[in-house]
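Trainee: Dropping the sequence and predicted coords here.
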Amino acid sequence: MQPKPPSVPPIACGHLATRRTFLVASTVGLAGWSFGSRPAGAAPAAELAARQVPAAGQVPSTGQIPAAGRARSTILFFLCGGASHLDMWDLKPDAPDEYRGPFRPIATSAPGVRLSEHLPLLARQAHHLALINSVGGTVNTNDHHAGYYYNLTGHEPDTTFRTLGNNRTPMPDDWPFMGSVVAARRPAHAYLPNAITLPHKPSRAPYTRPGQFAARLGVEHDPLYVFGSQEKPLEFQAPALSLRGDVNVQRLTARHELRGAIDEARRELDRFAAVQTWSRQQERALSLLASARTTEAFEVAAEPAAVRERYGQTANGMSLLLARRLVEAGVPFVTVFWLENDQIKGKCKSAGGWDTHGNNFNCLKDHLLPEFDRGFSALVEDLAERGMLDQTLLLVTSEMGRKPRIGDPRSGGMSGQGRDHWTHCLTDVLAGGGIRGGQTYGASDRLGEYPADLPVTPADVTRTVYQAMGIGDLTLRDAEGRVLNLLAEGRPISALF
């Protein structure tokens, strides 16, 4: 691993940053670091990003958009809890009974690509998909926090994940979320943030998962969180950007002008970059609230009933539909974190998501797989029919796979029919954005325990996302001219393009 940069500078009375001062500390970090650098007279960052070469030593023909670098937006669909690679993408029908489970692979629209029998709708879209069956995401805790961090940032978790366990929540000097890196490299959107996350922020406080924030890049590049619910799947809300019923845009603007006058009087007293950054965040919030186009982008209820029905009118289905609307509006990075269903918590010995410690097969067959199949197949099909898939990269991943050997001791062993945590092997799925569909890359061993052929890591997958988005420069330069590589590990999986 690359060494971390110098610690975030001291703030307020010389105390070092803690998680309590995350917002302030990460903003101070922003003041000292610049993303990328160029000599005098060089092209701006946005122009350079558009010109990025697809792979080392491969220069595209003049005037042509290379397959790598073609994506204008990315939708990351993260299956919170740890989705079973063995029961979705990488089935092992010839493995012993205690490994393979009852599901069978089925043929798809892509010769040689097989999916679970419980993904029939997605099987019709397999010619758009690239399955990476050899992702080795081993972390030192084999648990959720570290798995989130590794798969969202591309960086192997450090020893604090072992020493702190579930108390290892986000820190200001963490490596940044891949969506924040993309957001930082793209020109600011005219009326929306460059990175938006929905329909929740995993996981419930105080156990917020690390890896989903800009961290050392600064809060300016944090995603805007937009919240949905199982009860009202057509309604999305960003709490920080919501007006009370008695406050309209005109009253908000008047209050903003008054606050501006007060701020002017004390501006000379504000000595920290954090205050300046927070003010920019307030300005962004005001412009979002005042924009009719912002409101329109979030109105999934305006979609035809047949479209909503195709996605499935659940919180996750409508989140995917909203993600399509947001990339249609030009947002560079949209993340959909699977929202758990409290009603199946007891049945699956989980939080209601993909962490199926018990009753794995019934939970998948009756609940998780049908909802996923409907929503994600609709997204792929919808983008393809609208001519948007080629410029929209889709990534499906999770913090881990599930243990190949059936039987979690926490749910009665073999009789409980659960699968435990397993970070050592998982499948990632890519589509669009210059990715060649209808292929399977790499393979796991005969039991699905470890990568066996063409092994890759979350760092390689993250670098592949950057390459698809045309981002080649991953350097940070501090105020003293020192350079740090945001992701020195890994290399893009160029064979996928």
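Mentor: Here it is on my side, so go on. Numbers count the residues shown, from 1 in each chain.

Trainee: what are the ranges of the helices in the stretch 301-450 of the chain?
Mentor: 305-311, 315-328, 345-348, 360-363, 369-385 (DSSP state H, counting those that start in this stretch).

Trainee: outside of the last one, which residues touch it?
Mentor: Counting contacts by CB atoms under 8 Å, 6 or more residues apart in numbering, the residues outside helix 369-385 that touch it are 75, 77, 79, 87-88, 116, 118-122, 124-125, 128-129, 307, 310-312, 314, 316-317, 320-321, 323-324, 338, 389, 392, 394, 396, 431-432. Using the backbone N, CA and C atoms, a C-beta is placed for each residue, glycine as well.

Trainee: what distance separates that helix from the centre of its chain?
Mentor: With CA atoms, centre = their mean, to the nearest Å as the basis, helix 369-385 stands 18 Å off its chain's centre.

Trainee: and that helix with helix 315-328, angle?
Mentor: 20 degrees (axes from the mean of the first three to the mean of the last three CA atoms, to 10 degrees).

Trainee: How about helix 369-385, which residues are buried there?
Mentor: 369-384 (16 or more other CB atoms under 10 Å).

Trainee: Over to the first one?
Mentor: In terms of neighbour count (16+ other CB under 10 Å), helix 305-311 has its buried residues at 308, 310-311.

Trainee: which one among the residues you listed gets closest to residue 174?
Mentor: residue 311 (33.0 Å; CB to CB).

Trainee: Let me have the helices of the stretch 301-450 of the chain in TSV, extended by distance to residue 400 and mean pLDDT.
Mentor: Below are the helices of the stretch 301-450 of the chain laid out as TSV (distance: least, CB to CB, whole Å; pLDDT from 0 to 100):
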stretch	distance to residue 400	mean pLDDT
helix 305-311	26	98
helix 315-328	19	97
helix 345-348	16	93
helix 360-363	14	97
helix 369-385	16	98
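
Trainee: any idea how the chain splits into domains?
Mentor: 20-36+44-56+63-236+306-496, 243-297 (automatic domain parsing).

Trainee: where among those domains is the average confidence lowest?
Mentor: Ranked on mean pLDDT, the bottom entry among the domains of the chain is domain 243-297, at a mean of 56.

Trainee: most tightly surrounded among the domains of the chain?
Mentor: domain 20-36+44-56+63-236+306-496 (a mean of 21; mean count of other CB atoms under 10 Å).

Trainee: what about that domain, distance to the chain center?
Mentor: Distance, centroid of domain 20-36+44-56+63-236+306-496 to centroid of chain: 5 Å (CA atoms, centre = their mean).

Trainee: ok, now which ones touch residue 434?
Mentor: 66-71, 390, 393, 468, 497 are the contacts of residue 434 under CB under 8 Å, 6+ apart.

Trainee: Please apply the same query to residue 122.
Mentor: So residue 122 contacts 115, 129, 373, 376-377, 380 (CB under 8 Å, 6+ apart).

Trainee: Need those residues in a markdown table (columns: distance to residue 488).
Mentor: A markdown table is the format used below for those (distance: CB to CB, whole Å):
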| residue | distance to residue 488 |
| --- | --- |
| 115 | 35 |
| 129 | 29 |
| 373 | 38 |
| 376 | 32 |
| 377 | 37 |
| 380 | 33 |
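
Trainee: returning to what we had before: in helices only, show me the contacts of residue 434.
Mentor: The helices, defined by DSSP state H, take in residue 468 from the contacts of residue 434.

Trainee: What is the most widely separated pair among the contacts of residue 434?
Mentor: For these, the farthest-apart pair by CB to CB is 66 and 393; their separation is 13.8 Å.

Trainee: Make JSON lines out of the helices of the stretch 301-450 of the chain and add distance to residue 440.
Mentor: As requested, the helices of the stretch 301-450 of the chain are exported to JSON lines (distance: least, CB to CB, whole Å):
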{"stretch": "helix 305-311", "distance to residue 440": "26"}
{"stretch": "helix 315-328", "distance to residue 440": "23"}
{"stretch": "helix 345-348", "distance to residue 440": "28"}
{"stretch": "helix 360-363", "distance to residue 440": "23"}
{"stretch": "helix 369-385", "distance to residue 440": "16"}
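
Trainee: Out of the ones you listed, which gets nearest to residue 96?
Mentor: Of all the helices of the stretch 301-450 of the chain, helix 360-363 sits nearest to residue 96, with 16.0 Å by CB to CB.

Trainee: Enumerate every residue touching the residue lying closest to residue 380 once chain neighbours are set aside.
Mentor: Distances taken as CB to CB, 6 or more residues apart in numbering place residue 125 nearest to residue 380, at 4.5 Å, with adjacent residues excluded. Going by CB under 8 Å, 6+ apart, residue 125 touches 109, 377, 380-381, 384.

Trainee: What is the nearest of those residues to residue 223?
Mentor: For the contacts of residue 125, the nearest to residue 223 is residue 380 (22.8 Å; CB to CB).

Trainee: Show me what residue 477 is bridged to.
Mentor: residue 34, residue 483 (DSSP bridges).

Trainee: and the residue lying closest to residue 143 once chain neighbours are set aside, how far is that from residue 152?
Mentor: Nearest residue to residue 143, sequence neighbours excluded (CB to CB, 6+ apart): residue 421, at 6.1 Å. As judged by CB to CB, to the nearest Å, residue 421 and residue 152 stand 17 Å apart.
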